[in-house]
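K.L.:
what's the 3D shape of this:
(chains A, B, C and D)
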Protein chains: 2
Amino acid sequence: MLNGEPNVRAETRQRVTAAAEALRYTPNISARSLAGSRSYLIGLLFDNPSPAYVGDLQLGALSRCREAGYHLIVEPFDTAARDAGEAVERLVSTLKTDGLILTPPVCDHPAVLDVLDRAGVPYVRIAPDRDLERAALVHMDDTAAAHDMTVLLLAQGHRDIGFIRGHPEHGASHLRYEGYAAALAEAGVSLRAERIRQGFFSFRSGVEAAEALLSGPDRPTAVFASNDDMALGVMSVANRLGLAVPHDLSVAGFDDTPTARVIWPQLTTVRQPIAEMSAAAADLLIGRKLGDGVPVRRLLDFQVIVRDSTGPAPR
Amino acid sequence: MLNGEPNVRAETRQRVTAAAEALRYTPNISARSLAGSRSYLIGLLFDNPSPAYVGDLQLGALSRCREAGYHLIVEPFDTAARDAGEAVERLVSTLKTDGLILTPPVCDHPAVLDVLDRAGVPYVRIAPDRDLERAALVHMDDTAAAHDMTVLLLAQGHRDIGFIRGHPEHGASHLRYEGYAAALAEAGVSLRAERIRQGFFSFRSGVEAAEALLSGPDRPTAVFASNDDMALGVMSVANRLGLAVPHDLSVAGFDDTPTARVIWPQLTTVRQPIAEMSAAAADLLIGRKLGDGVPVRRLLDFQVIVRDSTGPAPR
DNA sequence: CTGAAAGCGCTTACAG
DNA sequence: CTGAAAGCGCTTACAG
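P.N.:
As a prediction, this is how the structure comes out:
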């Protein structure tokens, strides 16, 4: 009855609930899991170097778990390991979670997905790179976000906008580049190959790209880096070169890391709906809305956050 | 036998292990928990605004859990809630974890500790503020760290060192201040009240303290902020005031946040052994080394990290 | 509709 | 030392 069955008289229900309350009764999760078809456990698999990203992801999932009486179990996962498939097999057989949230890059590991599909374990992928048709996923539109950021720069009069690409192994890198290129094309601004630099999402790579972009007299009036760490690298180089941001150079990033708000000038960037994505994933798992037919796909909104590192193009 | 009992013939052990391997046998954690005295589950309770801090903490605990076949369950916890005691009561009765890691400020909540003691649930406190004799804890020496940082500044010729205190509600704030004051006293440098400002661990409060400290002509040659966010605020103000760091002003922080490395100049700061603390806590819980007598107490080493925001005092 | 029984997959105490 | 039985605290299918 405590599990919310129907067909119980209101009075009876109330009395039982009151008694449970008085005795501080709380069902044991292991017993429920063993006896029933639910474990009230959701697993979050990650293999991500950024504690902040993983932390944000958890916050979203946790808020939904809490409401539904679920608990979150976090599992580091070595995507590069040869036996990744077996590892996940072991995991689901010991844990019997009601579902798994797969964060990048775990969500793009074919062997992991194979095992999960075969075992019939429900899972939701967060922002996967490939095989988007394969299973339930939650993501945002990287292309549109990069597009919008570029449009913002164009609207401020910039016509010469450098771009630093992200790590080539990350799918988002290509999507963001496409958004940038599309916005330029729409505005009739031609894309110059020497304005595009390869980065790797690290501060260091941002510094190197910025040095190439900003050293000579022929330099762009704005630089859009594919993530905040690289944008910070650009700002650092600008500072060293005596270029005032945003007066001489506008800089935009992507991610809205904590650093973006404590740097000066504060960084214009894109906020990804990280907590919202994992919250949506937890929702799907808890509500068991994954079963039938075509895989669920949720697209969440990003947000372009205009702060002080961008401004009108110098004339 | 698979649980590592002694008195099994080597050959037998090997054959069983091989069979288990071949069948990919992995015991179900719920069944083990229900039947036996171990749940192979450790809970991490947090109520901390910083995802990065919580993420770092998890990494340490996770590494030990993984080795020992344990799993980590993370639980957000509302310390301010009136029914915090009941909440933790409910938690331990549904989850039956083998132990709890209590992070600040949960580790300083009297009702939580009371419930846990009464229920006989093992727990380890991470860097608690008060009642240090009460139960097992893992921490670092904030006073010594602040002392060492101040000594470093003194060694670079600084005799006029401003200090920004941390949030008055956090025990560490007082300890850090004491370390600073002690180092000055040892060096025979007198402490000037107008050089001490109250901050609240936020960037904003660092900015305000720095404005008070640096605006006039009579200003310190170095500022030691009780955490990195406030140190960043100091650097931001210095930048706005045209003070070159470290040439005109040395700045030191505390925490070694990710931002400290991507700012320019890079921030001199103290690295706290965050992951090590939670790893030690997990060790104690998994090894069940908590039972008898005087509470275990582990003191871990900090590290003063000298980077580019500090330098010789201007003459 | 309701209540008592079986059983989930293990560990543990115990009889052999 | 070893093996079979009991039992952990629930859910679920089933007999009443």
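K.L.:
kindly list the longest helix within chain A.
P.N.:
Here the longest helix in chain A is taken by residue count, with DSSP state H as the criterion, and it is helix A:51-68.
K.L.:
tell me the buried residues in that helix?
P.N.:
Of all the residues in helix A:51-68, those buried under the rule 16 or more other C-beta atoms under 10 Å in any protein chain shown are A:51-62, A:64-65. The C-beta positions use only the backbone N, C-alpha and C, and glycine is treated the same way.
K.L.:
now swap in stretch A:186-198 and tell me
P.N.:
Taking 16+ other C-beta under 10 Å as the criterion, stretch A:186-198 shows A:187, A:195-197 as buried.
K.L.:
now the residues you listed in a markdown table, with pLDDT, distance to residue B:46 and secondary structure?
P.N.:
Below are those laid out as a markdown table (pLDDT from 0 to 100; distance: C-beta to C-beta, whole Å; DSSP: H, G, I helix; E, B strand; the rest coil):
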| residue | pLDDT | distance to residue B:46 | secondary structure |
| --- | --- | --- | --- |
| A:187 | 98 | 47 | coil |
| A:195 | 98 | 44 | helix |
| A:196 | 98 | 42 | strand |
| A:197 | 98 | 39 | strand |
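K.L.:
check the secondary structure at the closest residue in space to residue A:144 that isn't next to it in sequence for me.
P.N.:
When the adjacent residues along the chain are set aside, residue A:144 lies closest to residue A:179, with 6.3 Å between them (C-beta to C-beta, 6 or more residues apart in numbering or on different chains). Under DSSP: H, G, I helix; E, B strand; the rest coil, residue A:179 falls in the helix class.
K.L.:
need the contact list for residue A:179.
P.N.:
Listed by C-beta atoms under 8 Å, 6 or more residues apart in numbering or on different chains, the contact set of residue A:179 reads A:142-150.
K.L.:
how about the strands in the stretch 101-250 of chain A?
P.N.:
Taking DSSP state E, counting those that start in this stretch as the test, the strands found in the stretch 101-250 of chain A are A:123-126, A:137-140, A:161-165, A:196-198, A:222-225, A:250-252.
K.L.:
briefly note if stretch A:224-244 comes near chain B.
P.N.:
Yes. Stretch A:224-244 comes into contact with chain B (C-beta under 8 Å from any C-beta of the partner chain), by way of A:229, A:232-233, A:235-236, A:239-240.
K.L.:
buried ones among those residues?
P.N.:
Taking 16+ other C-beta under 10 Å as the criterion, what is buried in these is A:229, A:232-233, A:235-236.
K.L.:
residue A:158: which of those residues is nearest?
P.N.:
Of all these, the one sitting nearest residue A:158 is residue A:235; the distance, using C-beta to C-beta, is 16.4 Å.
K.L.:
could you measure from that closest one over to residue B:78?
P.N.:
Relative to residue B:78, residue A:235 is positioned 38 Å away (C-beta to C-beta, to the nearest Å).
K.L.:
phi, psi for residue A:69 please.
P.N.:
Backbone torsions for residue A:69, taken as degrees, to the nearest 10, come to phi 70, psi 20.
K.L.:
ignore what I typed, I meant residue A:71.
P.N.:
On the backbone of residue A:71 - angles per degrees, to the nearest 10 - the values are phi -130, psi 150.
K.L.:
per-residue confidence for it?
P.N.:
We note a pLDDT of 97 for residue A:71 in this prediction.
K.L.:
contact partners for it?
P.N.:
Residue A:71 sits next to A:29, A:40-42, A:65, B:73, B:75, B:95 when contact means C-beta under 8 Å, 6+ apart.
K.L.:
I'd assumed residue A:104 was in contact with residue A:128.
P.N.:
Yes. Counting by C-beta atoms under 8 Å, residue A:128 does reach residue A:104; the two are 6.7 Å apart.
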